[in-house]
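In: Curious how this folds, go ahead:
(one chain, ligands or ions: 2)
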Amino acid sequence: MSEDKKRKVSLVTGATGQDGSYLIELLLDKGYEVHGIIRRASTFNTYRIDHIFQDPHEKNLRLILHYGDLADANTVRKLIYEIEPDEIYNLGAQSHVRVSFDIPEYTANITGLGTLRLLEAIKDYEEHTGKKVKFYQASSSEMFGAAKPPQNESTAFQPRSPYGVSKVFSFYITKNYREAYGIFAVNGILFNHESPRRGETFVTRKITRGIAKIVAGLENKIYLGNLEAKRDWGYAPEYVEAMWLMMQQPKPDDYVIGTGESHSVKEFLEEAFRCAGVKDWGKYVSIDPRYYRPTEVENLVADYAKAREKLDWKPKTGFKELVKIMVDHDMKQYGPEANAKK
Ligand code: NAP
Ligand code: F7E
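Out: Residues are numbered from 1 along each chain as shown. Ligands and ions are numbered 1, 2, ... in the order given. Model prediction:
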């Protein structure tokens, strides 16, 4: 339990993910005591938070990691009673859309039912202790699926994957627990957001990492699927700020977060190769149908007017700048300097 009673306490699921790592940095900066749930793995899976890791033997710890899993309701419940958080951010998920077609049941269990497990534990905790906990659900633009762009909070969901369907379940169960039990529960409907910490199998990072390896002479091709799909890509550190802002509002609500601009995968490819100074990109890219999805989401464009008005949030990093940040990072990872260090 917290030594300083005035310090706000947060619990973050998905602490080892892209967003988890940026959100934990933000919460630590704001003076929170942060508890992160991590999965036990046979290899180290904490590389995104190693730079902020605190040895458990230190005094006045502000980042505390706990083993847990969204499949395991007992542990989740026990942690909430033990930690007594003011705010819970549910970022944990099987978050890969293509993979959700291969493991649909697992995706529904973690990305869908995992949210219900947390909400049930919060309901129980609030009833038994009389304390209140705020809850953030990482909802996704994938819920809009086939809906015509631009998409906002009033757009009807038309999900196109087991991942999207699982997130729709989580969206509505979060709204239902807010309405039925008065839990401060919010949905952040975030459009794609990327960074140098993006998982290596999502298309943006696959491209920037692939180009860096080609430039370094380690590989000679990037194999991709549908290049025509369009996404609204923003910069992840700015999106975790929006999550926190939603949790500081007087009333819980749902908000769309994005940039309002969409670009095709092909445009991302072209811009990334340009940033790396490589011409004739076509000879380095091949299409492999294994990366096609049985049902695709063609075009996502955020109408984030509500967030701009109510949260005073707007994106700062544009498309070209985002691509450059990611290319520059990966070029350093695989460039001559990195090789010399190795
Ligand atoms: P990510 O990098 O894939 O991170 C997912 C996190 O969930 C990881 O920490 C992962 O742990 C954890 N996790 C996976 N299965 C779990 C389980 N069974 N129990 C507990 N934790 C589990 O995803 P992200 O990009 O940071 O996204 C964060 C959240 O926002 C996710 O819910 C995602 O679906 C959602 N979202 C993302 C975007 C986006 O563009 N990034 C947009 C909208 C919504 P390991 O490290 O051990 O795998
Ligand atoms: O695909 C196309 C693919 O996997 C983007 C997750 O964070 O954002 C993410 O989901 C597009 C799709 O992201 C490859 O078909 C082409 O049209 O990078 P992605 P996603 O599916 O949009 C949402 C908002 C989330 O919530 C999710 O958690 O790129 N594409 N070729 C490819 N995609 C991948 N992964 N790999 C390819 O080779």
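
In: Write out the residues of the stretch 1-150 of the chain neighbouring ligand 1.
Out: Residues of the stretch 1-150 of the chain found near ligand 1 (CB under 6 Å from any ligand atom) are 13-20, 39, 41, 45, 69-71, 91-95, 110, 138, 140. Glycine gets a C-beta too; all of them are placed from N, C-alpha and C.

In: swap in the stretch 151-300 of the chain?
Out: So the stretch 151-300 of the chain meets ligand 1 at L190, N192, H193, G199 (CB under 6 Å from any ligand atom).

In: Just the buried ones among those residues, please.
Out: L190, N192, H193 (16 or more other CB atoms under 10 Å).

In: Now render those residues as TSV, adding pLDDT and secondary structure.
Out: Formatted as TSV, these follow (pLDDT from 0 to 100; DSSP: H, G, I helix; E, B strand; the rest coil):
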residue	pLDDT	secondary structure
L190	99	strand
N192	99	coil
H193	98	strand
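
In: so which of the residues you listed are also by ligand 2?
Out: Answer for these near ligand 2 (CB under 6 Å from any ligand atom): N192.

In: Which of the buried ones among the residues of the stretch 151-300 of the chain next to ligand 1 lies at the shortest distance from E238?
Out: Using CB to CB, H193 is the member of those that sits closest to E238, with 7.7 Å.

In: Residue ranges in the chain under the pLDDT threshold?
Out: Low-confidence segments of the chain (pLDDT under 70): 1-5, 337, 339-342.

In: longest helix of it?
Out: helix 162-181 (DSSP state H).

In: buried ones in that one?
Out: So, applying 16+ other CB under 10 Å, buried residues of helix 162-181: 162-171, 173-175, 177-178.

In: before we move on, back to that, the residues of the stretch 151-300 of the chain next to ligand 1 into a markdown table, with extra columns for distance to T208?
Out: Compiled in a markdown table, these are given as follows (distance: CB to CB, whole Å):
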| residue | distance to T208 |
| --- | --- |
| L190 | 20 |
| N192 | 14 |
| H193 | 15 |
| G199 | 12 |
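
In: Could you work out the most separated pair of these?
Out: Maximum distance among those (CB to CB): 15.0 Å, for L190 and G199.

In: so how far is ligand 2 from G199?
Out: For G199, the distance to ligand 2 (CB to the nearest ligand atom, to the nearest Å) stands at 8 Å.

In: Surely that residue and N192 touch.
Out: No - judged on CB atoms under 8 Å, G199 makes no contact with N192 at a distance of 12.0 Å.

In: any idea how this structure splits into domains?
Out: 9-195+236-257, 203-230+262-295+317-341 (automatic domain parsing).

In: Among those domains, which comes closest to A307?
Out: Of all the domains of the chain, domain 9-195+236-257 comes closest under CB to CB, at 4.6 Å.

In: Tally up the residues packed near the closest residue to ligand 1 within the stretch 1-150 of the chain, please.
Out: Distances between the stretch 1-150 of the chain and ligand 1 by CB to the nearest ligand atom are smallest at G17, namely 2.1 Å. Look at G17: counted by other CB atoms under 10 Å, it has 23 neighbours.
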